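Trainee: here you go, sequence then predicted model.
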Amino acid sequence: MTPGRTDEKGLRKMKENGRTAWVTGASSGLGMYTAQALRDAGWTVIAGARSFSGASPEGDGTHRLALDVTDGDSVERFCREAKSISARVDALVQCAAILTLGSAEETSVEEYRRVMETNFFGMIRMNRQVLPMMRAQKAGKIVLFSSINGLLGIPFQNAYTASKHAVEGYAEGLQMEVRPFGIQVCLIEPGDHRGGGQRTRLRAAAMGEDSPYAAAFRSAAEKIRQDEAGGSDPAKLGRKVAKMLDRKTIPFRKRIAKPDQRLAVLLHDVLPPGLNERILTGYYIH
């Protein structure tokens, strides 16, 4: 996460704001840009990521703390250290995620589990720590990063798609349970954005050139790469999330995607399954 320049106006804005946001997965990609946007909007940001080695205030309202959302001890340690920086948590923004590309058949159970541990169970671990604090405050906002792939599936991205579908269903029940305590939940559903960290984009170990899916996999993986390279500006997404969190009431779902990806979701919902399958197969596999 790149430190921003500290100036008197920015520090005064943070002091007036007085709000604290915890951001997971904040070392790269959408998590990093969202943390930066919140910092620029005057929030005190406590940013967590595996690559952060320990508490390191940047002098501009951002604090880096080591956090591995797949490790319960790491999550508890992060929360203790974050509470020592600020007794409140006004917003929890959960961006930590990894992606594994591979056929459904050749992606191992362990690889599926690794994706679920980060993208889904990691959110649950963080929420279990934060919800008691927010209930005591009688206020709080929980932002869960889902994806367009939480609404539809594409070939060779099955583990990621499954994890984001799980997030969608989990969030619906969560909001019904916590709203009486003044806690709001929002699903961010991004389309493709530039600048994702390659270390979080993995390939199933068994996906080799001798795979019966090799040709189709190469086609789909290249289309996914092209879509990400030509994706939207992640800094704009970060600013949209920060602006949304400034509101008293936040929406339950906020889709941040290009028009063609929004259309894909609409068509998925209204077209017969067979026709929708042919459209998506034709787009990804040539």
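Mentor: That came through, no problem.
Trainee: now the helices for the stretch 1-150 of the chain?
Mentor: For the stretch 1-150 of the chain, the helices defined by DSSP state H, counting those that start in this stretch occupy 8-17, 29-40, 72-85, 109-116, 122-137.
Trainee: deepest-packed of those, please.
Mentor: helix 29-40 (a mean of 25; mean count of other CB atoms under 10 Å). The C-beta positions use only the backbone N, C-alpha and C, and glycine is treated the same way.
Trainee: same for it, what does it pack against?
Mentor: Contact here means 3 or more CB pairs under 8 Å, 6 or more residues apart in numbering; DSSP states H and E; on that basis helix 29-40 packs against strand 20-24, strand 44-49, strand 91-94, helix 234-245.
Trainee: can I get the longest helix seen in the chain in CSV, CA atoms only?
Mentor: Longest among the helix segments of the chain by residue count, using DSSP state H, is helix 158-178. What follows is helix 158-178, C-alpha atoms only, in CSV (Å, rounded to 0.1, in the frame of the first residue of the first chain):
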residue,chain,number,x,y,z
ASN,A,158,-15.2,-22.6,-10.4
ALA,A,159,-13.5,-22.4,-6.9
TYR,A,160,-13.6,-18.6,-7.0
THR,A,161,-17.2,-18.5,-8.3
ALA,A,162,-18.3,-21.0,-5.6
SER,A,163,-16.7,-18.9,-2.9
LYS,A,164,-18.4,-15.7,-4.1
HIS,A,165,-21.8,-17.4,-4.4
ALA,A,166,-21.3,-18.4,-0.7
VAL,A,167,-20.6,-14.8,0.2
GLU,A,168,-23.8,-13.6,-1.5
GLY,A,169,-26.1,-16.1,0.4
TYR,A,170,-24.3,-15.6,3.7
ALA,A,171,-24.7,-11.8,3.5
GLU,A,172,-28.4,-12.0,3.0
GLY,A,173,-28.9,-13.9,6.2
LEU,A,174,-26.4,-11.8,8.1
GLN,A,175,-28.2,-8.5,7.3
MET,A,176,-31.5,-9.9,8.5
GLU,A,177,-29.9,-10.9,11.8
VAL,A,178,-27.9,-7.7,12.6
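Trainee: direction-wise, compare it with helix 109-116 and give the angle.
Mentor: Helix 158-178 runs at 40 degrees relative to helix 109-116, counting by axes from the mean of the first three to the mean of the last three CA atoms, to 10 degrees.
Trainee: in helix 158-178, what's buried?
Mentor: Buried residues in helix 158-178, counted by 16 or more other CB atoms under 10 Å: 158-168, 170-171, 174-175, 178.
Trainee: Ala235: which of the helices of the stretch 1-150 of the chain is closest?
Mentor: Ala235 sits nearest to helix 29-40 of all the helices of the stretch 1-150 of the chain, at 5.1 Å, using CB to CB.
Trainee: average model confidence for that closest one?
Mentor: For helix 29-40, mean pLDDT is 96.
Trainee: and the angle for that helix with helix 234-245?
Mentor: Per the same axes, to 10 degrees, the angle that helix 29-40 makes with helix 234-245 is 50 degrees.
Trainee: tell me how far helix 29-40 lies from the chain's centre.
Mentor: Relative to the centre of its chain, helix 29-40 is centred 11 Å away, using CA atoms, centre = their mean, to the nearest Å.
Trainee: then stretch 241-257?
Mentor: 14 Å.
Trainee: not counting its own residues, what contacts it?
Mentor: With contacts defined as CB atoms under 8 Å, 6 or more residues apart in numbering, stretch 241-257 is touched by 21, 34, 37-38, 40-41, 43, 91, 93, 141, 143, 148, 171, 175, 184-192, 232, 237, 240, 262, 265.
Trainee: same deal with stretch 220-230?
Mentor: Counting by CB under 8 Å, 6+ apart, 101, 154-157, 192-194, 196, 283-285 sit against stretch 220-230.
Trainee: pull out the buried residues from stretch 236-243.
Mentor: Taking 16+ other CB under 10 Å as the criterion, stretch 236-243 shows 237-242 as buried.
Trainee: pipe those residues into JSON lines and attach pLDDT per row.
Mentor: Output for the buried residues of stretch 236-243, formatted as JSON lines (pLDDT from 0 to 100):
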{"residue": "Leu237", "pLDDT": "97"}
{"residue": "Gly238", "pLDDT": "97"}
{"residue": "Arg239", "pLDDT": "98"}
{"residue": "Lys240", "pLDDT": "98"}
{"residue": "Val241", "pLDDT": "98"}
{"residue": "Ala242", "pLDDT": "98"}
